[in-house]
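In: no sequence on hand, only this structure:
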């Protein structure tokens, strides 16, 4: 197993370096002078220009610049935002929990609904439940989620007035962040109604973000289940006279879950892309909105490091998924 | 030796193959519906200037945010209402079909061509060529597609052309990987060895001998990428990084409509519905294509 983990890690190194190369190249590929971009909209005097240029190392040869960029990264220095002047990493860390909270709730919703629906659709193959749920899954899979979010706002916030339109919690409540997760912090604060307010803010964005993963998980569960149900060991179990519940619950489901768990894990990339749109619609103060705002404000150091951090996180989660896969499916490990 | 086999002309073989394909494709009811909707969409795009009741950019200053005709205050000349500057929604939606189809075709064409060439090189030559190419593809795939497309558009500058290029670059590794996998499977087959022994060069082996036998998964992936391209370009338009106003691209229309969501439901509802229906139709078709083209799933 250790050898397996090690080989996977070794495999990641070139990709990691590639990602840093993309992030490094990003600022240099932008049209215009990078120093002027860094200096902001107002422009600079020639002396200041030379100073910034030297400070950023732009007077050095390109390979030297890349190596010192890598050195900075290893020291945890991801640069400073042009707009807020704060370190990018600090900004990222304050906003990151908001996105993680949204993504976790979304993936829980998607799994809790998607897996049972997929299993049931497979068991009752060809029934009206199968047809309706799989049509629904295809609609969900085809959904432009930015529009879906707007529709939910029109209906639940506009017409029914059940949920707020944007933000993470009502302005009535204020408490210092402890964990960064609003659901937990609001409970810890002990303020009456704070938790409910946090939930009501979270519900629509998490539904929107869950839509595509839910569809993917339901479809994947169904096809994995169908495949397993045709296997010899399931037929044997049936032939032994085991109850249908036992055949499905113990023999089929456990084997069908192997590809499903991978699918769930691989939704992280989908969630990050979805977070960009969802957070923009609901003004959710997370990483996705931060990236969009930074792109439109031309805050390029933030975009550069955000790109690096997001790709890094997606890669690490995918690695964990890979390792879990090896853990639950020994056939992969020993290949 | 006597030749007892019946000679069949190429066109007859093609007809027979198409018949078999259609047999499996038409078994999937959803796929046929998807195809029908898609054909309608193509016709709408082609005949947009005839079908649309008004110019897509003409502003009727006396009819700002007019509701659809069945609502009070609606006017019969604007069937689906007008937007905030008095442009006819229906006409804009009809012309929007041109954008979506155009984007889908261009993105898939670029991604498919690039992916096939790269995948063929990697799969055919193997070794370090393969290793380098696949590591580069891994890097591209490490980024969430929409994020990478956004950043590429930031580099290239917002606009429809750049959005299409960005999306094509992001999709291209999927085609490269599929081609590579298929090529590696086919490379060791006897018919390839036979062609090599007969003196076929690398180019001929790659493009004429191997490639035609790798097309099935690529066609399915192309369909799925077509729908994703429509979706992603609409998302870029929605975020202000795709087609720029006053273009009647559906995502861009939604972006312009956002501030009116609680006042005028129709400016938000219809463009999104158009996106959903198009993407759904193409995905339905994709499912049918996969069933018809994937021999492993065929029930013979």
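Out: Ah, there it is. Everything numeric here is computed off the predicted structure, so don't read it as measured data.

In: show me the contacts for residue 200.
Out: Answering for chain A, as no chain was given. A:162, A:163, A:164 (CB atoms under 8 Å, 6 or more residues apart in numbering or on different chains). C-beta here means a position set from N, CA and C on the backbone, and glycine is covered the same way.

In: was after chain B, sorry
Out: Counted by CB under 8 Å, 6+ apart, residue B:200 has contacts B:208, B:209.

In: ok, the contacts of residue A:200 vs residue A:80, which is closest?
Out: residue A:164 (33.3 Å; CB to CB).

In: okay, and the closest one sits in which element?
Out: Counting by DSSP states H and E, no helix or strand carries residue A:164.

In: now it. Nearest residue, chain neighbours left out?
Out: Closest residue to residue A:164 apart from its sequence neighbours, by CB to CB, 6 or more residues apart in numbering or on different chains: residue A:201 at 5.5 Å.

In: so the one you found touches residue A:168, yeah?
Out: Yes: counting by CB atoms under 8 Å, residue A:168 is a contact partner of residue A:201 at 5.3 Å.

In: common neighbours of these two, please.
Out: residue A:182.

In: show me the contacts for the residue nearest the centre of chain B.
Out: Nearest residue to the geometric centre of chain B (CA atoms, centre = their mean): residue B:226, 1.3 Å. By CB under 8 Å, 6+ apart, the contact list for residue B:226 reads B:104, B:105, B:107, B:108, B:282.

In: look up how far residue B:113 lies from it.
Out: In this view, residue B:226 and residue B:113 are 14 Å apart by CB to CB, to the nearest Å.

In: where does residue A:171 land on pLDDT?
Out: pLDDT, residue A:171: 76.

In: is it located within a helix, as I assumed?
Out: No: assessed with DSSP: H, G, I helix; E, B strand; the rest coil, residue A:171 is coil; it does not lie in a helix.

In: list just the nearest of the contacts of residue B:226 to residue A:314.
Out: Top of the list for closeness to residue A:314, among the contacts of residue B:226 and by CB to CB, is residue B:107 at 22.4 Å.

In: what residues are up against the closest one?
Out: By CB under 8 Å, 6+ apart, the residues touching residue B:107 are B:164, B:167, B:168, B:171, B:225, B:226, B:229, B:233.

In: one more time with 6 Å
Out: B:164, B:167, B:168, B:229 (CB atoms under 6 Å, 6 or more residues apart in numbering or on different chains).

In: and it, how far from residue B:115?
Out: For residue B:107, the distance to residue B:115 equals 12 Å [CB to CB].

In: do the host helix or strand of residue A:9 and chain B meet?
Out: Element membership for residue A:9 (DSSP H and E) is helix A:2-29. Yes: Helix A:2-29 comes into contact with chain B (CB under 6 Å from any CB of the partner chain), by way of A:14, A:15, A:18, A:19, A:29.

In: among those residues, name the buried ones.
Out: A:14, A:15, A:18, A:19 (16 or more other CB atoms under 10 Å in any protein chain shown).

In: burial measure for residue B:252, as a count.
Out: As a burial measure, residue B:252 scores 27 neighbours (other CB atoms under 10 Å in any protein chain shown).

In: hmm, I was thinking of residue A:102
Out: 29.

In: identify the residues contacting it.
Out: For residue A:102, counting by CB under 6 Å, 6+ apart, the contacting residues are A:205, A:206.

In: now it. Its backbone dihedrals?
Out: Here is the backbone geometry of residue A:102 (degrees, to the nearest 10): phi -60, psi -40.

In: how about residue A:148?
Out: Dihedral pair for residue A:148: phi -50, psi -40, per degrees, to the nearest 10.

In: and for it, nearest residue in space, chain neighbours not counted?
Out: Setting aside the residues directly before and after it, residue A:148 is nearest to residue A:208 in space (CB to CB, 6+ apart), at 5.7 Å.

In: tell me the contacts of that neighbour?
Out: For residue A:208, the contacting residues are A:145, A:148, A:149, A:278, by CB under 6 Å, 6+ apart.

In: from these, which two are the most distant?
Out: A:148 and A:278 (9.5 Å).

In: got CSV for the buried ones among the residues of helix A:2-29 next to chain B, with pLDDT too?
Out: As requested, these are exported to CSV (pLDDT from 0 to 100):
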residue, pLDDT
A:14, 85
A:15, 86
A:18, 89
A:19, 90
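
In: ok, the residues you listed vs residue A:114, which is closest?
Out: Closest to residue A:114, out of all of those and judged by CB to CB, is residue A:15, at 29.0 Å.

In: in this structure the closest one contacts residue B:136, no?
Out: No: with contacts defined as CB atoms under 6 Å, residue A:15 does not count as touching residue B:136, sitting 9.5 Å away.

In: so the residue of the stretch 201-300 of chain B found nearest chain A versus residue B:120, what's the distance?
Out: Closest residue of the stretch 201-300 of chain B to chain A, CB to the nearest CB: residue B:272 (2.9 Å). Noted for residue B:272: a distance of 39 Å to residue B:120, by CB to CB.

In: and the two? which has more neighbours close in?
Out: Under the criterion of other CB under 10 Å, the comparison of residue B:272 against residue B:120 puts residue B:272 first, with 25 against 22.

In: need the contact list for the more buried one.
Out: Shown in contact with residue B:272 (CB under 6 Å, 6+ apart): A:144, A:147.

In: what's the burial count for residue A:239?
Out: Applying other CB under 10 Å, I find that residue A:239 has 10 neighbouring residues.

In: derive a PyMOL selection command for the buried subset of the contacts of residue A:200.
Out: Selecting only the buried entries of the contacts of residue A:200 in PyMOL, with 16+ other CB under 10 Å as the criterion:
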select buried, chain A and resi 163+164
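
In: out of the contacts of residue A:200, who's nearest residue A:60?
Out: Looking across these and measuring by CB to CB, the closest to residue A:60 is residue A:164, at 50.5 Å.

In: okay, the closest one and chain B: tell me how far apart.
Out: 13 Å (CB to the nearest CB, to the nearest Å).
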